[in-house]
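[1] what shape does this take:
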Amino acid sequence: MLGDVSGAFCHIPVSAQHAHMFAFRFEGLLIIDLSCGFGWCGSPAYYSLAGSLINYLYQQQRPQPALAPLDSSSFVGNVWCDDHTCVELDTGTRCFEANLALRKAMAVVLGPNAINEEKFTTWSTSTKALGLIWNTASGTVSVPTEKLSKSLHQIALALNSTNCTLSTINKLIGRLRYVSTCFPAARPFYQNLQVFAGTFTRQHIRRTIPQDEREDLLWFQAVLELQHRFNSIPVEYFGDLLPPSRHVLMDASDSGLCVLETQLKQYIRMEFDATVRKSFAISNKCARINERSSGRTTLGPSMDGYRERPDSCSSSAWTQVTVHPPYNDLLNFWETISETMLSPTERLENITLSGYNGVNSANGSAGLAGSPSPDDQQTRNSAASRHTDGSIKRLSPPVRKLQPITPAFLRLLYGRLDLQQPQHRLLWGSVLIGFFFLLRRSEYLRIGRTRHFYCLKMNNVFFSDAEGRSSSPYSATSVTIDLEGTMNDQVGRGAWRTMRASGDLIICPVKALKAIYKARKATATTSPYLCADLSAVLVAKALKETAKAIGVPEDRYSTHSVRIGGATALLSGQASSIAIKLLGRWLSNCYEQYPTQAASFTKTLSRRMTENHGQQSPSNPTREHNYSGAAHHALTRRRSTVKWNTLAP
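    I've put the predicted structure just below:
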């Protein structure tokens, strides 16, 4: 299973030490501009802290021994940037609990909106991770054919051109990294291309491809012609590494390279000439990351069992290197202005020293929260300042409520569709099925290019009679569906649901299924899914166009409006809460937040609030007014409670 964080880098604020230069006071409020573009430079390095914390919380959890008796050990996580790969044994509820554990860890660290549902995959023996296809059943790894084809295309472009730019070489290196991973013999040729990329002194200059690099590309081209050799590579092939026969210690600096062979007590030293040292000076100005260290890797492939040991300083200091030179220049310029034009009190340096996300905060290196400084205590204690600070600290955006699809909206949609077209007829029937059965979009529509395993299938839908038995479409009085699973039912327990005919000439589940059958017959589709190839994008587009036609905000309507529209219609029809919860397969009472109050629902509320109370004269108080204090309050509360419970919803 693969888990992904939505907008991972946007959750991690950086460059907090410069926030004081973009802050000012206005009418007692402390305003901080957090939209500085250079603030997100180096986000991958800063996100590694949050990603490691998510993985740590995930690995601290384990399934209940009673539910997973064969393997109740702690979960094992694998994280690469913002992608979390989970590999677990399918025993009992271990996989189901691992899914919940990863979601919980993401929500605890980065908030509930950090979970990217679109890229969260289900448990499977075959999945795609790190650009490769992994099959845990057969224990093999495969390189996707489209990646190999793109690599051949990129090589052909480079061979057909006399010169190239750094961008072209970087794209080529990115395409060929899968080849060097799965084919160790390709690594020396791959390293030569990396060395050639390091010879570019500027980003947009063009250079002639040397003959040696052309021969390397021809070698890669010949290897990639055998695409079948990159299919179903045994996993043990990657783990069966020979122990190194030579331990070579290397280091690089601006002056040259040094190689030390400890067993033979010999060393090799190569000094750079003036031209190379000048290029290093230019690369440092352009903020290129330790370009000269790439030269030391060229000496290793000539030795058997070569293993590189980079120094600890080089491997850890890269996170401190600015990646974007324009932002670096802008930041240096603004630092100079701040030092020369602003006084120490106006710089608000105490924000950096002890404020939120400060590097010297009281909570340690994580810096998630800090204590306000005494100089700014009065400003922070004001109500307006507390409101501003709360807005700054809130990482998750406010939830924007979608509008439900009402029966009146469905009739407008029906009038805009041309049911003589099979695609329109399929869309109309699918929307009605989703409306009556309170379906999530993943339960009956195609999302992107994929479908979930529990998507409604043709074999699991049938017409039924009054007794619930399968019948023909002509004598049917209801529709029955079988959901093999849902988003909150990853173990696939499934659920059967039946909806009878509504009696409406247009909006009816029986007529909806007939429309789908007729559309499938017209298109002669053989798709195993009920709604064939109908996508969620197409349904959302139809709903938004209908909303725009009647002059309401189209961004308030999406495929989820169909599900909440069905729940709203049931609540308006005074259906019981347990019936709505079972039909929609909710695990909580979140559906109670869906309805919106229409004007027609309030026409009798004011009368109900005043009926049977009578009119009281100020000069003739009733006995009720003689009660004092708490007794009068308790009696009034009890009467209003009893009266409210007698009202119909």
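[2] please tell me how far Phe436 sits from Asn589.
    Distance, Phe436 to Asn589, by CB to CB, to the nearest Å: 21 Å. C-beta coordinates here come from the backbone N, C-alpha and C atoms, glycine included.
[3] which one of the two is surrounded by more residues?
    More neighbours surround Phe436 than the other of Phe436 and Asn589, with 25 against 10 (other CB atoms under 10 Å).
[4] correct me if wrong: the more buried one contacts Lys511.
    No. In this structure, Phe436 is not within contact of Lys511 by CB atoms under 8 Å, at 10.7 Å.
[5] can you list the weak-confidence ranges in the stretch 151-300 of the chain?
    Segments of the stretch 151-300 of the chain classed as low confidence (criterion: pLDDT under 70) are 239-243, 282-300.
[6] tell me, how many residues neighbour Thr29?
    Careful, residue 29 is Leu and not Thr. Residues lying near Leu29 (other CB under 10 Å) number 14.
[7] show me what it is bridged to.
    On the basis of DSSP bridges, Leu29 is bridged to Phe26.
[8] gap between it and Gly503?
    Here Leu29 is placed at a distance of 59 Å from Gly503 (CB to CB).
[9] then Phe436?
    Phe436 sits 13 Å away from Gly503, going by CB to CB.
[10] before we move on, what about Leu102?
    Leu102 sits 46 Å away from Gly503, taking CB to CB as the criterion.
[11] one more: Pro234?
    Going from Pro234 to Gly503 by CB to CB gives 62 Å.
[12] comparing the two, which residue is more hemmed in?
    Ranked by neighbour count (other CB under 10 Å), Pro234 and Gly503 place Pro234 first, with 12 against 7.
[13] name the nearest residue to the more buried one, sequence neighbours excluded.
    Spatially, and ignoring its direct neighbours in sequence, Pro234 is nearest to Thr140 (5.8 Å; CB to CB, 6 or more residues apart in numbering).
[14] and Asn231, by the same measure?
    Ser142 (4.9 Å).
[15] per-residue confidence at the one you found?
    Ser142 carries a pLDDT value of 85.
[16] in the stretch 51-200 of the chain, which spans are strands?
    Counting by DSSP state E, counting those that start in this stretch, the stretch 51-200 of the chain has strands at residues 77-80, 83-86, 126-129, 132-135, 140-142, 163-165.
[17] any chance of those strands in JSON lines, plus mean neighbour count and distance to Asn113?
    Formatted as JSON lines, the strands of the stretch 51-200 of the chain follow (neighbours: other CB atoms under 10 Å; distance: least, CB to CB, whole Å):
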{"stretch": "strand 77-80", "mean neighbour count": "16", "distance to Asn113": "19"}
{"stretch": "strand 83-86", "mean neighbour count": "19", "distance to Asn113": "16"}
{"stretch": "strand 126-129", "mean neighbour count": "15", "distance to Asn113": "24"}
{"stretch": "strand 132-135", "mean neighbour count": "17", "distance to Asn113": "29"}
{"stretch": "strand 140-142", "mean neighbour count": "18", "distance to Asn113": "34"}
{"stretch": "strand 163-165", "mean neighbour count": "16", "distance to Asn113": "39"}
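[18] could those strands be laid out in JSON lines, adding distance to Leu157?
    Putting the strands of the stretch 51-200 of the chain into JSON lines (distance: least, CB to CB, whole Å) gives the following:
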{"stretch": "strand 77-80", "distance to Leu157": "29"}
{"stretch": "strand 83-86", "distance to Leu157": "29"}
{"stretch": "strand 126-129", "distance to Leu157": "26"}
{"stretch": "strand 132-135", "distance to Leu157": "24"}
{"stretch": "strand 140-142", "distance to Leu157": "25"}
{"stretch": "strand 163-165", "distance to Leu157": "9"}
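[19] which one, of those strands, ends up nearest to Arg416?
    Smallest distance to Arg416 across the strands of the stretch 51-200 of the chain (CB to CB): 39.2 Å, for strand 126-129.
[20] partner strands of that closest one and their direction?
    When DSSP bridges is applied, strand 126-129 pairs with strand 132-135 (antiparallel).
[21] any idea which helix or strand carries Pro473?
    If you go by DSSP states H and E, Pro473 is not part of any helix or strand.
[22] can you report how many residues neighbour it?
    For Pro473, the count of nearby residues is 14 (other CB under 10 Å).
[23] for it, grab phi and psi.
    The phi/psi pair for Pro473 (degrees, to the nearest 10) reads phi -60, psi -30.
[24] what does the one 4 residues further on give?
    Backbone dihedrals for Thr477, given as degrees, to the nearest 10, come out at phi -120, psi 0.
[25] thought Glu88 was touching Arg94?
    Yes. Contact status for Glu88 versus Arg94: in contact at 5.5 Å, counting by CB under 8 Å.
[26] where along the stretch 351-500 of the chain do the helices fall?
    With helices called from DSSP state H, counting those that start in this stretch, the stretch 351-500 of the chain shows them at 377-381, 383-393, 407-416, 422-436.
[27] shaky segments in the stretch 451-600 of the chain?
    For the stretch 451-600 of the chain, the stretches with pLDDT under 70 are 485-494, 594-600.
[28] at 50 what do you get?
    Filtered on pLDDT under 50, the stretch 451-600 of the chain yields the residue ranges 490-491.
[29] what segments of it are strands?
    461-464, 478-483, 495-500.
[30] most tightly packed of these?
    Highest mean neighbour count among the strands of the stretch 451-600 of the chain (mean count of other CB atoms under 10 Å): strand 478-483, with a mean of 21.
[31] and the angle from that one to strand 495-500?
    Computed by axes from the mean of the first three to the mean of the last three CA atoms, to 10 degrees, the angle separating strand 478-483 from strand 495-500 equals 160 degrees.
[32] which neighbours in the sheet does strand 478-483 have, and how are they oriented?
    Here strand 478-483 is paired, per DSSP bridges, with strand 461-464 (antiparallel), strand 495-500 (antiparallel).
[33] quickly list the domain ranges of the protein.
    2-141, 145-239, 325-393, 407-593 (automatic domain parsing).
[34] tell me the mean pLDDT over the shortest one?
    Looking back up the chat, that one is domain 325-393. Domain 325-393 shows a mean pLDDT of 46.
[35] quick one: Trp80 and Gly139, what's the gap?
    21 Å.
[36] so Leu570 is in contact with Leu583, correct?
    Yes. The criterion here is CB under 8 Å, and Leu570 meets it with Leu583 at 7.5 Å.
[37] shared neighbours of those two, anything?
    Residues touching both Leu570 and Leu583 by CB atoms under 8 Å, 6 or more residues apart in numbering: none at all.
[38] for beta bridges, what are the partners of the spatially closest residue to Ile233 that is not a sequence neighbour?
    The spatially closest residue to Ile233, leaving aside those adjacent along the chain, is Val141, at 5.0 Å (CB to CB, 6+ apart). In this entry, Val141 is beta-bridged to Trp134, Ile233, by DSSP bridges.
[39] hang on, isn't Val141 packed against Asn231?
    No. Contact status for Val141 versus Asn231: not in contact, 9.4 Å apart, counting by CB under 8 Å.
[40] okay, helices next: where are they in the stretch 151-300 of the chain?
    Under DSSP H, counting those that start in this stretch, the stretch 151-300 of the chain gives helices at 166-182, 187-197, 211-224, 236-239, 274-285.
[41] thinking again about what came up before, same list, the strands paired with strand 478-483, but as JSON lines with distance to Ser535 please.
    Below are these laid out as JSON lines (distance: least, CB to CB, whole Å):
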{"stretch": "strand 461-464", "distance to Ser535": "19"}
{"stretch": "strand 495-500", "distance to Ser535": "23"}
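[42] which of those sits closest to Ala98?
    For Ala98, the closest of the strands paired with strand 478-483 is strand 495-500, at 23.2 Å, according to CB to CB.
[43] what sits against Ser151?
    By CB under 8 Å, 6+ apart, the contact set of Ser151 is 175-176, 178-179, 220, 224.
[44] how about low-confidence regions in the stretch 1-150 of the chain?
    Residues of the stretch 1-150 of the chain that meet the cut-off, pLDDT under 50, sit at 36-42.
[45] with that, I have no additional questions.
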